[in-house]
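J.: A predicted structure for the sequence below; I have some questions about it.
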Amino acid sequence: MSRVSSTRHSPFLAMYAALVFAFIYLPVVVLILYSFNRDGVGGFPPQHLTFDWYRQLFADDPIWDSVLNSLIVASGAVALSLTLGLLAALALDRTSFPGKALFRRLVLLPLILPGIITGLSLLMFAVFAGLQLSLLTVLLGHGTALISVATTELFAGLQKTDRAQEEASLDLGATPWQTFWRITLPNLKLSLIAAGLLIFTLSMDEIAVTFFLIGRDNTLPLEIWGRLRRGITPEINAVSTLIFAVSVVLIVIWYRIRMRSVGTKAQQLLERP
Amino acid sequence: MYSRAYKTIVSAPPLLWVCLFLLLPYALMFAHSFWAVQDGVLVHRWNLANYQKLLTNPLYAEVLFRTMRIAASVMLCSLFLGYPLAYYLSFHSGPRKELLYQLVIVPLWVSYLVRGYAWKTILGSEGVLNGFLQYVHITHEPVSFLLYSPFAVVLMLTHIYTPFVFLPIYASLEHIPRPLVEASQDLGASPASTFFRVILPLSMPGLLAGATFAFVLSLGDFLAPLLVGGSSGTMIANIVQTLFGATYDWPLGAAISVCILLITLTLLLLTERLEMRWSFK
């Protein structure tokens, strides 16, 4: 390509970049390493390889109950935020109404506000509306906060689809309803899957908003959080390792699909639609 | 080409939902900050006492300034890590660019808790780092100042937000037309002056966006101080969280939250203005 990117080597910069990568990844590597350490989460070097902590983890019922709770919440959040995010993306793409700019900002707000603000606001709302705190309030919270992600991702997808197909469909006598189900939605299939994966992962991992909306039943991150107060064991390393692995797999799939559907290199998620 | 009915159907539900479940809750927070607690019960009596308390009790200002110092440190550290990384990827990484890019953005979305917990196990007095330092005989006793300090909070948050800062910077570096950089070089500018006079100004929108994210998200963080901060690393959001928990003074907590919210929104609007001024069109 250009001379700038291909010919000039800068070993210092490359080394610096390698160090930053080390900073990003080393903590997680350490965490994973010590999940196999018989003698606990401290000390160096890790000795006595063992799978005991994983065995203990698999027999730990409260953890698996909380995993189930997290799965329920994440699935609900995906359904909720995708539905509303799809409509919001269509509205931003195709309609104009007074306050549209404001609406766009409001939708995106949970993405860039500290979680405590959104969490507490929703807590006050729940109490105000007389809702009992439970997994349902957590689901509502996640679903609402993550409309931001769904809207941005689906808006990016919409921008890439061929509008002429919809025009043709409408011109040839299909109703808007038919056009939506047969043209718009299939064209957005990949974007929907990608956004769903990302939202699922974010919801499974969410802690700041959940912290304030949780009732009696814990989600997985909250269950872990509670255990951190009672002292840490490599069992938490083990569950963290699994969370990390699953998240990485989902995110990588999300990214691959996204590359195919939206196809832009530069990540637009944090840019404003 | 879309009928009025279509437009209503797509825009009304999200609009209503967002008004009901986002706008109303934020408004309620605002309202709470003007209410009061009497004998342990919330009363809807409008007053300014909460804000007066914030202004008169120096404790709040002290914690707020500490929080802002921490947030500013996180912002600077993530910029110093994130900008060169983005620059390297955009201009010098060659064929590995795509892979390296994925390697940065994957951890961005991976569990906050897992990454925070990793630091807790590393920094503790019986943690991995202390074990390592003693193993290689740099120290002979555990160093205890690592965990439970503002330093630990800055370290953990920098780790979390570096990919966040990287992202917009990388995006804006990628948008810089390469011929501009080549022209600068062809016309005899040194690499340094090409960087400072062409690349850096053109990447300013991304830099500003990244810096704002890091600052704003650190400003409202309450989990890092709980995990690794100890009492000397307490931040403003921790006070809010206690007021909503054990202390039960929602109005005061809401007043502090409104302050955090206002600082956040002001910064976001400010950077948006600045970004527009710097953006290359």
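T.: Yep, it's here.
J.: quick check: mean pLDDT across stretch B:147-166?
T.: Here stretch B:147-166 scores 93 as its mean pLDDT.
J.: ok, it near chain A or not?
T.: Yes. Residues of stretch B:147-166 contacting chain A under Cβ under 8 Å from any Cβ of the partner chain: B:159, B:162, B:163, B:164. (C-beta placed from N, C-alpha, C; glycine too.)
J.: Contact partners for the last one?
T.: Put plainly, it is residue B:164. A:270, B:78, B:82, B:108, B:210, B:213, B:214, B:217 (Cβ atoms under 8 Å, 6 or more residues apart in numbering or on different chains).
J.: circling back to that earlier point, quick one: which of the residues of stretch B:147-166 next to chain A is nearest to residue B:122?
T.: Among the residues of stretch B:147-166 next to chain A, residue B:159 lies closest to residue B:122 (Cβ to Cβ), at 10.3 Å.
J.: Tell me, how many residues neighbour the closest one?
T.: Using other Cβ atoms under 10 Å in any protein chain shown, residue B:159 is surrounded by 24 other residues.
J.: Following the chain past the helix or strand harbouring it, name the next helix or strand.
T.: Element membership of residue B:159, judged by DSSP states H and E, is helix B:150-175. Using DSSP H and E, the helix or strand that follows helix B:150-175 towards the C-terminus is helix B:178-186.
J.: What are the buried residues along that next one?
T.: B:181, B:184, B:185 (16 or more other Cβ atoms under 10 Å in any protein chain shown).
J.: Redo those as TSV? Include distance to residue B:268 and pLDDT.
T.: Listed next are the buried residues of helix B:178-186 as TSV, based on distance: Cβ to Cβ, whole Å; pLDDT from 0 to 100:
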residue	distance to residue B:268	pLDDT
B:181	30	90
B:184	32	90
B:185	36	88
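J.: So which of these is the closest to chain A?
T.: residue B:181 (5.1 Å; Cβ to the nearest Cβ).
J.: so that closest one sits right up against residue B:194, yeah?
T.: Yes. Counting by Cβ atoms under 8 Å, residue B:181 does reach residue B:194; the two are 6.3 Å apart.
J.: ok, which of the buried residues of helix B:178-186 also contact chain A?
T.: Okay, of those touching chain A (Cβ under 8 Å from any Cβ), that's B:181, B:185.
J.: which among the buried residues of helix B:178-186 gets closest to residue A:223?
T.: Out of the buried residues of helix B:178-186, the member with the shortest distance to residue A:223 (by Cβ to Cβ) is residue B:181, at 50.8 Å.
J.: tell me, what residue is most central in chain A?
T.: Chain A has residue A:202 as the residue nearest its centroid, 2.4 Å off, counting by Cα atoms, centre = their mean.
J.: Grab the longest helix from chain A for me.
T.: helix A:61-94 (DSSP state H).
J.: Show me what the mean pLDDT comes to for it.
T.: For helix A:61-94, the mean confidence score works out to 95.
J.: For it, buried residues please.
T.: For helix A:61-94, burial by neighbour count (16+ other Cβ under 10 Å) applies to A:63, A:66-67, A:69-70, A:72-74, A:76-78, A:80-94.
J.: one step back: need the residues of stretch B:147-166 next to chain A in CSV with distance to residue A:228, can you?
T.: Formatted as CSV, these follow (distance: Cβ to Cβ, whole Å):
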residue, distance to residue A:228
B:159, 17
B:162, 23
B:163, 24
B:164, 24
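J.: quick one: which of those is nearest residue A:154?
T.: Once Cβ to Cβ is applied, the member of the residues of stretch B:147-166 next to chain A that ends up nearest residue A:154 is residue B:164, at 21.8 Å.
J.: mind checking how far that closest one is from residue B:263?
T.: Separation of residue B:164 from residue B:263 (Cβ to Cβ, to the nearest Å) stands at 18 Å.
J.: Over to residue A:108?
T.: Distance of residue A:108 to residue B:263, computed by Cβ to Cβ: 18 Å.
J.: Could you do residue A:24 as well?
T.: Using Cβ to Cβ, which is the criterion applied here, residue A:24 is 28 Å from residue B:263.
J.: For the chain, give me the ranges with low pLDDT.
T.: Here I'm looking at chain A. Counting by pLDDT under 70, chain A shows low-confidence ranges at A:1-9, A:263-273.
J.: Chain B was what I was after
T.: For chain B, the stretches with pLDDT under 70 are B:1, B:279-281.
J.: If you drop the residues flanking it in sequence, what lies closest to the residue in chain A positioned nearest to chain B?
T.: As assessed by Cβ to the nearest Cβ, chain B sits closest to residue A:114 within chain A, at 2.2 Å. Closest residue to residue A:114 apart from its sequence neighbours, by Cβ to Cβ, 6 or more residues apart in numbering or on different chains: residue B:220 at 2.2 Å.
J.: who touches that neighbour in this structure?
T.: A:113, A:114, A:115, A:116, A:117, B:236, B:237, B:260, B:264.
J.: Mark which of the residues you listed are part of strands, please.
T.: Of those, none are assigned to strands by DSSP state E.
J.: Which one of these is nearest to residue A:252?
T.: Nearest to residue A:252, judged by Cβ to Cβ, of these is residue A:115 at 24.6 Å.
J.: Identify the residues contacting the closest one.
T.: A:206, A:207, A:208, A:209, A:211, B:220.
J.: Filter the residues you listed down to the ones in helices?
T.: Per DSSP H, the subset of the contacts of residue A:115 in helices is residue A:211.
J.: does any part of stretch B:259-268 sit near chain A?
T.: Yes. Counting by Cβ under 8 Å from any Cβ, chain A is contacted by stretch B:259-268 at B:260, B:261, B:264, B:268.
J.: Can you tell me how far residue A:53 is from residue B:128?
T.: 16 Å.
J.: Ramachandran coordinates for the residue of chain B found nearest chain A?
T.: Nearest residue of chain B to chain A, counting by Cβ to the nearest Cβ: residue B:220, 2.2 Å away. Backbone geometry at residue B:220, expressed as degrees, to the nearest 10, gives phi -100, psi 10.
J.: which residue ranges form the helices in the stretch 151-273 of chain A?
T.: A:163-171, A:176-179, A:185-187, A:189-205, A:210-213, A:220-229, A:234-261 (DSSP state H, counting those that start in this stretch).
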